[in-house]
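Sequence unavailable; structure follows:
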């Protein structure tokens, strides 16, 4: 790194240390969002101080602009049992901005640790080491890439520390139904208040620029057809050479509501430039292939509605939000087909996962399941399935049938024998660590404390 880059990173880590020492998670609510405007780019950062409800991870989310904040707020509508819901996945992948997590030393990725070492910094204690990530639409949390990222994040965190310190010292007050807003006025940082109703403002609607093409579509015969529009992310990321990172492809489909016929399905990146092509390609679909315009288009979410509503208005096509039954069925079928391309060994592994999921449901009926809280049950699910798979790999034995008695018999026979326990203990530890590492790879920093605690209690 250059001297300038080292100076920028050093300053960023110093601010992270100040913020952790201030410990705002003890006195600040995640409902009290702080708005900070960058004086250089005028980009508004929506700062959220929050703590993971499952494992207690300390986090700072800084969402960029209204689009990033809206996606974050949408993700809060889902509980622990809905984390695989496609709408939750879409809202998560549409977030943009920065993420700061405080972790233990052994939870850091090598890149994080080497970066901290390279600037001569060090942190001590549990949940003290900062993990810094950039949030891009359509991508998992990514490493900070540029000096501008470092400067911008440092600015947000620096002002956040100042505001939280002033509040903690009683210098500023919160107002009901208002959010604190920080911006530079005439070269000086100024505190104002933004009304709750003005947090997000009006939806940004894409203005379709090709008036001539929209007019041509409006002259097509209107058929009594209802078309559904939907978007969903494919599960496998692709490497994007232009942006030099992994991106999850966003499949945009238009489908006949009655027959389920797929009129079009096209892959987009989650960039504004690419998504603005949706309206134009929809117009081409009607002009060249269909040669009619539908009576109505029903779309699955507000993002897609914003992208095509201006075109639809100009083409005299009704367009609104609504249930997209045919599109949802296509999504399920498409994803199942993707899974069907797996080889025999992978298919067998998927069947084993299904069996392990069934074992989890049975486990909830056992003495172990009865002692868990609802949050612990949700937190335990993935690691339980992982551990059952690991158990099968090591001992090649699972209950003959999934029942309360059969499962408890297995636990009492093998896992509670001292010799097996002594042999198995290091494996269960490594299996937990491998699982949690996998979760980190996906950018999901959750569940580690609860899962480790519950399993350690049972497999001690």
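Cool, got the structure. It should be emphasised that the depicted structure is a prediction, and the values quoted were computed from it without experimental measurement. Numbers count the residues shown, from 1 in each chain.

Report the buried residues of the helix or strand where residue 226 lies.
In this structure, residue 226 sits in strand 222-233 according to DSSP states H and E. By neighbour count on 16 or more other Cβ atoms under 10 Å, the buried set for strand 222-233 is 225, 226, 227, 228, 229, 230, 231, 232, 233. From N, CA and C alone the C-beta is placed, and that goes for glycine too.

Check stretch 198-216 too.
Per 16+ other Cβ under 10 Å, stretch 198-216 contains these buried residues: 199, 206, 208, 213, 214.

what residues does it touch?
For stretch 198-216, the external contacting residues (Cβ atoms under 8 Å, 6 or more residues apart in numbering) are 33, 35, 46, 66-67, 69-70, 73, 179, 275-276, 279-280, 283, 287, 302, 306-311, 314-315.

that older thread, for the buried residues of stretch 198-216, give me TSV that also has secondary structure and distance to residue 156.
Below are the buried residues of stretch 198-216 laid out as TSV (DSSP: H, G, I helix; E, B strand; the rest coil; distance: Cβ to Cβ, whole Å):
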residue	secondary structure	distance to residue 156
199	coil	17
206	coil	28
208	coil	34
213	helix	41
214	helix	40
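
helices and strands around the strand holding residue 226, which ones?
helix 86-93, strand 250-256, strand 293-299, helix 302-314, helix 325-340 (3 or more Cβ pairs under 8 Å, 6 or more residues apart in numbering; DSSP states H and E).

what about 6 Å?
helix 86-93, strand 250-256, strand 293-299, helix 325-340 (3 or more Cβ pairs under 6 Å, 6 or more residues apart in numbering; DSSP states H and E).

circling back: counting neighbours, which of the contacts of stretch 198-216 end up buried?
So, by 16+ other Cβ under 10 Å, the buried ones in the contacts of stretch 198-216 are 33, 35, 46, 66-67, 69-70, 73, 179, 275, 279, 283, 287, 306-311, 314-315.

returning to what we had before: parallel or antiparallel, list what pairs with the strand holding residue 226.
strand 250-256 (antiparallel), strand 293-299 (parallel) (DSSP bridges).

what's the least confident stretch among these?
In terms of average pLDDT, strand 250-256 trails the rest of those, at a mean of 89.

List the contacts of the strand holding residue 226.
86, 89, 93, 248, 250-255, 257, 292-300, 304, 324, 326-327, 331 (Cβ atoms under 6 Å, 6 or more residues apart in numbering).

and if you look at stretch 265-275?
By Cβ under 6 Å, 6+ apart, stretch 265-275 touches 137, 138, 247, 249, 250, 251, 252, 253, 307.

list the buried ones in it?
For stretch 265-275, by 16+ other Cβ under 10 Å, it's 266, 268, 269, 270, 271, 275.

Quickly name whichever of these is closest to residue 4.
Of all those, residue 4 sits closest to residue 271, with 28.8 Å by Cβ to Cβ.

Phi and psi next, for that closest one.
Torsion angles at residue 271 (phi, psi; degrees, to the nearest 10) stand at phi -100, psi 150.

Look up how far residue 29 lies from it.
34 Å (Cβ to Cβ, to the nearest Å).

Show the pLDDT at residue 62.
Model confidence at residue 62, given as pLDDT, is 93.

Number of residues surrounding it?
Using other Cβ atoms under 10 Å, residue 62 is surrounded by 23 other residues.

gap between the closest residue in space to residue 195 that isn't next to it in sequence and residue 172?
The spatially closest residue to residue 195, leaving aside those adjacent along the chain, is residue 178, at 5.9 Å (Cβ to Cβ, 6 or more residues apart in numbering). Distance from residue 178 to residue 172, counting by Cβ to Cβ: 12 Å.
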